[in-house]
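In: generate coordinates for the sequence data below:
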Amino acid sequence: MKTVSFIVTLLTMFTINAFSQDDAKVASPLTIGGYGDIYYSYDFNKPYNHQRQPFMYAYNRHNEVNLNIGMIKASYNTQNVRANLGLMAGTYSNDNMAAEPGVLKNIYEANIGVKLSKTKNIWIDAGVFASHIGFESAIGMDCWTLTRSIMAENSPYFETGAKVTYTTDDNRWMLSGLILNGWQRIQRVDGNNTPAFGHQLVFKPNARVTLNSSSFIGNDKPDNERKMRYFHDLFGQFQLTDKLDLTAGFDIGWEQKEKGSSSYNRWYTFALLGRYSLSDKINVAARAEYYQDEEGVIISTEAPDGFETWGYSLNFDYLISDAAVWRVEGRVFASQNEVFQKEDRFTDTDVFVTTALAVRF
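Out: Sure, this is the predicted structure:
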């Protein structure tokens, strides 16, 4: 409680300072913002405990109105220093941060960065920050679909460590190297003393195309059970017309079967998303995806052939204002095996409808 009180007091001081600066009409490097996402999801499998699927972490409650994520964030930005502190609550933080102790479950972001060069755009950042993997995030308004892809749900949303980032003067290339505490970890796994590493390379040949390559290399288990994991994320985003956008992504990973083994378990996934703007206020989006994890490295099941699932969704967005959006999505999963909870048993399909109201300030 002392830690929570300190953080709340710190944010309050930031807010008072920002308001006083604003009142004086002096440009302040400090900004305060927030985000809220209220949702209702109905799963036709009717899971008895209201928690929809163990491999999903966002919008994962059945037949109840709930808060997916409520977040307040303070950001400080100058020419040579930057910092972010974001606190959150909601079913997303409860589910996705379940492995973190105490108040760490409520940290969305906490990092500090320093510019290393006077002439080049080179930064070093350390702390808790958004993942360098994938084209989606925990902030729904930044994503084309209401719910996240299976790909996004089962790769890191966040990470903790340090990174050095270089961006070219024309902003066409960005290269980042990372040292991390593990696979989506704030606190290291007990008994783990091996750092993890990653890279991110982004290329924007023009304003309509973004290409991304990201990787993770490391062990996410105690040293006496060490299993090296190698993972790569590749995606491209394309603005085909003024109204039509397309995203294609492919992830693949390998993990040692046993400590010191030369044999590896493999999993992979791909997703294709399209978004079309019907008007300034209305967007529609569609998604097709596939996820295969036969050995249960990431998604563990009781099925003999593991997790092999196709997914499809249709999404409707109504932009109430620049700061608010109402969303509706229908989604279906179809698996080779009976891996989805249906009341008190399991089945090979899952159909659900979700609606949400999201606000950003």
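In: contacts only, for residue 134.
Out: 151-152, 155-156, 214, 233, 235, 249, 251 (Cβ atoms under 8 Å, 6 or more residues apart in numbering). To be clear about C-beta, it is placed using only N, CA and C from the backbone, and glycine gets the same treatment.
In: next step: those restricted to strands.
Out: Using DSSP state E, the subset of the contacts of residue 134 located in strands is 214, 233, 235, 249, 251.
In: possible to save those residues as TSV with pLDDT and neighbour count?
Out: Output for the ones in strands among the contacts of residue 134, formatted as TSV (pLDDT from 0 to 100; neighbours: other Cβ atoms under 10 Å):
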residue	pLDDT	neighbour count
214	99	23
233	99	25
235	99	22
249	99	22
251	99	24
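In: from the contacts of residue 134, pick the one nearest residue 102.
Out: Of all the contacts of residue 134, residue 102 sits closest to residue 156, with 20.6 Å by Cβ to Cβ.
In: before we move on, the earlier item: would you turn the contacts of residue 134 into JSON lines with distance to residue 305?
Out: Formatted as JSON lines, those follow (distance: Cβ to Cβ, whole Å):
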{"residue": "151", "distance to residue 305": "20"}
{"residue": "152", "distance to residue 305": "24"}
{"residue": "155", "distance to residue 305": "22"}
{"residue": "156", "distance to residue 305": "26"}
{"residue": "214", "distance to residue 305": "29"}
{"residue": "233", "distance to residue 305": "25"}
{"residue": "235", "distance to residue 305": "27"}
{"residue": "249", "distance to residue 305": "24"}
{"residue": "251", "distance to residue 305": "20"}
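In: list just the nearest of those residues to residue 163.
Out: Among the contacts of residue 134, and counting by Cβ to Cβ, the member closest to residue 163 is residue 214, at 11.6 Å.
In: quick one: residue 142 from residue 351, how far?
Out: To residue 351, residue 142 is 26 Å away according to Cβ to Cβ, to the nearest Å.
In: how many neighbouring residues does the closest residue to residue 260 other than its chain neighbours have?
Out: Leaving aside its sequence neighbours, residue 260 sits nearest to residue 226 (Cβ to Cβ, 6 or more residues apart in numbering; 8.0 Å). By other Cβ atoms under 10 Å, 18 other residues sit near residue 226.
In: wait, what's in contact with residue 226?
Out: Each residue near residue 226 by Cβ under 8 Å, 6+ apart is listed here: 194, 219, 256, 259-260.
In: phi, psi of the residue lying closest to residue 193 once chain neighbours are set aside?
Out: Distance criterion Cβ to Cβ, 6+ apart; nearest residue to residue 193, sequence neighbours excluded, is residue 223 at 5.8 Å. Main-chain torsions, residue 223, degrees, to the nearest 10: phi -60, psi -30.
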